[in-house]
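K.L.:
got a predicted structure here, sequence first:
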Amino acid sequence: MKYTAVITAAGSGKRMKTQTAKQYLDLCGKPVIYHSLKAFEESPVDEIVITCAPGDETFVWQKIVKDFGFTKVKKVVCGGAERCISVKNGILAATDADYVMIHDAARPLLSSGLIRLCMESVAKFGACVPAVPVTDTVKKAEDGFAKETLDRSRLFAVQTPQCFERELILKAYEKLEESGIPASKITDDASVVELSGLAKVKLIEGDPGNIKITTEKDLFIAEMLKERENSSGCGNL
């Protein structure tokens, strides 16, 4: 069975308030996206597809794929205005895959153990996502006031890579388009499968360290975690 990692790198990262998209910012001397690609390059996955913003294709090929020697990257494809459009473009480009592992380029602390767990789990369940239990008390709000306290024992924060049988996720995306639900309302790929009713999505044990870089604070935390991994440190702190 063939596994393809689809790395989504088409976002602009507006919340970082920088001219450079967050996936290309420096993290321990390398672009953020480098760390996600390295994790999959050194894993058992067969190939990698990258989705990027329109106009970034040459930059990604030359400055990321070629300069860092990522041999498993086979295609760089243009993303869309919304995340789910970019993801579908990446899945369509993974023509030989039996399973796709959709991962945010902005999650650079992905571990080899989590990749292997995802591979084993998607082969067993057909659809799986890593998740960690919510530890904070969560309130449902209305008009700026707390309306209801949710049962956190049933709440999980999901991560990537989100993994699916390729044909399953493609059919789910087709049903999404037929439903007329705006692409802007879809924040992850598991919800596409959930809405389609085609399969249940298995929650597997995530990694609290597998954080997503959204703000400057997240980037600082990622550098601290990377420094802990390497005795030599990042050299940026």
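P.N.:
Perfect, thanks for sending it. Residues are numbered from 1 along each chain as shown.

K.L.:
pLDDT weak spots in the chain?
P.N.:
Applying pLDDT under 70 to the chain picks out residues 12-17, 231-237.

K.L.:
where exactly do the helices run in it?
P.N.:
32-41, 57-59, 83-93, 112-125, 166-179, 189-196, 216-229 (DSSP state H).

K.L.:
how about residues contacting the fourth one?
P.N.:
Contacts of helix 112-125 from elsewhere in the structure, counted by CB atoms under 8 Å, 6 or more residues apart in numbering, are 1, 3, 39-40, 42-45, 99, 101, 128, 130, 161, 163-165, 200, 202, 204-207, 210. For the C-beta atoms, the positions are set from N, CA and C on the backbone; glycine is no exception.

K.L.:
also the third one?
P.N.:
Applying CB under 8 Å, 6+ apart, the contact partners of helix 83-93 are 6-8, 10-11, 49-51, 75, 77-80, 97, 100, 102, 166, 169-170, 173, 176, 183, 186-187, 189, 192.

K.L.:
one step back: same list, the helices of the chain, but as TSV with distance to F145 please.
P.N.:
TSV is the format used below for the helices of the chain (distance: least, CB to CB, whole Å):
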stretch	distance to F145
helix 32-41	38
helix 57-59	47
helix 83-93	31
helix 112-125	38
helix 166-179	32
helix 189-196	27
helix 216-229	27
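
K.L.:
output those in a markdown table, with mean neighbour count appended to each entry.
P.N.:
Converted to a markdown table, these look like this (neighbours: other CB atoms under 10 Å):
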| stretch | mean neighbour count |
| --- | --- |
| helix 32-41 | 22 |
| helix 57-59 | 14 |
| helix 83-93 | 22 |
| helix 112-125 | 18 |
| helix 166-179 | 17 |
| helix 189-196 | 21 |
| helix 216-229 | 16 |
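
K.L.:
just the ones of the contacts of helix 112-125 in strands?
P.N.:
Within the contacts of helix 112-125, residues falling in strands by DSSP state E are 3, 99, 101, 128, 130, 163-165, 202, 204-205.
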